[in-house]
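**Student:** generate a structure from the sequence data that follows.
(chains A and B)
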Amino acid sequence: ETGVTQTPRHLVMGMTNKKSLKCEQHLGHNAMYWYKQSAKKPLELMFVYSLEERVENNSVPSRFSPECPNSSHLFLHLHTLQPEDSALYLCASSQEQGINYGYTFGSGTRLTVV
Amino acid sequence: GNSVTQMEGPVTLSEEAFLTINCTYTATGYPSLFWYVQYPGEGLQLLLKATKADDKGSNKGFEATYRKETTSFHLEKGSVQVSDSAVYFCALRLLGNYQLIWGAGTKLIIKP
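**Tutor:** Numbering: from 1, shown residues only, chains lettered A, B, ... in the order given. Predicted coordinates:
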């Protein structure tokens, strides 16, 4: 399988639940990203991993916790979320070096917090 | 700072109409420029790119030319189809920076 795969596609969780989003890429990329996409808001970059190290954390609340165990996998652990966290969460990957390369995105996880 | 500005949507056109979605940028260096498309319920897909001035990116009938003198990268298509209905994002990437800088997106609606 090629490309970026995100699971699950849809997730409904209560505010007291703990869940995890998974992202997997088989493109040989060395950088991975989590984005949040809310209705009528710009894309929000949440976390960046380069060579399995977190290089960016854009003031994201601690109820979101990323994990990158290897260059092919990225997780987003969720706990005690709020209803305003409901959004589409997108994972992407890229080659760290190389201005000519864009990102490859997964299809996203549609998260609803109730 | 570095930024990307897109025309506000939604843009509503009839099938077979000519499409232009404007994108202008501000950048401290010489960026690569990208257009991404997001179909309903999906993630973003790379539509086309251009890596230096006067380059033309093209894909699926869409085109965009990197204009350094006007700092623009407008997306065009000669004859749109209902299946082109989506949100289109313009973005730039600077040398030595792994991040993409995004426009706000433009929703395109094509009516039969």
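
**Student:** you'd agree A:Thr16 is in a strand?
**Tutor:** No. Using DSSP: H, G, I helix; E, B strand; the rest coil, the secondary structure at A:Thr16 is coil, not a strand.

**Student:** correct me, but it touches A:Thr80?
**Tutor:** Yes. Using Cβ atoms under 8 Å, A:Thr16 is in contact with A:Thr80, at 6.4 Å. Yep, even glycine has a C-beta here, placed from its N, CA and C like the rest.

**Student:** distance between the ends of stretch A:30-49?
**Tutor:** Using Cα to Cα, to the nearest Å, one end of stretch A:30-49 lies 8 Å from the other.

**Student:** buried residues in that stretch?
**Tutor:** Of the residues in stretch A:30-49, A:30-37, A:43-49 count as buried by neighbour count, 16 or more other Cβ atoms under 10 Å in any protein chain shown.

**Student:** do the same with stretch A:84-98
**Tutor:** A:Asp85, A:Ser86, A:Ala87, A:Leu88, A:Tyr89, A:Leu90, A:Cys91, A:Ala92, A:Ser93, A:Ser94, A:Gln95, A:Glu96.

**Student:** with only the CA atoms kept, save that stretch in PDB.
**Tutor:** Output in PDB follows, covering the C-alpha atoms of stretch A:84-98 (Å, rounded to 0.1, in the frame of the first residue of the first chain):
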ATOM      1  CA  GLU A  84     -14.500  22.700  20.300                       C
ATOM      2  CA  ASP A  85     -11.900  20.000  19.500                       C
ATOM      3  CA  SER A  86     -14.400  18.500  17.000                       C
ATOM      4  CA  ALA A  87     -12.700  18.800  13.600                       C
ATOM      5  CA  LEU A  88     -11.100  17.000  10.800                       C
ATOM      6  CA  TYR A  89      -7.600  15.900  11.800                       C
ATOM      7  CA  LEU A  90      -5.200  15.500   8.900                       C
ATOM      8  CA  CYS A  91      -1.900  13.700   8.800                       C
ATOM      9  CA  ALA A  92       0.700  14.500   6.100                       C
ATOM     10  CA  SER A  93       4.200  13.500   5.300                       C
ATOM     11  CA  SER A  94       7.000  15.000   3.200                       C
ATOM     12  CA  GLN A  95      10.700  14.900   2.500                       C
ATOM     13  CA  GLU A  96      12.300  17.200   5.000                       C
ATOM     14  CA  GLN A  97      14.900  18.500   2.500                       C
ATOM     15  CA  GLY A  98      13.800  19.600  -0.800                       C
END
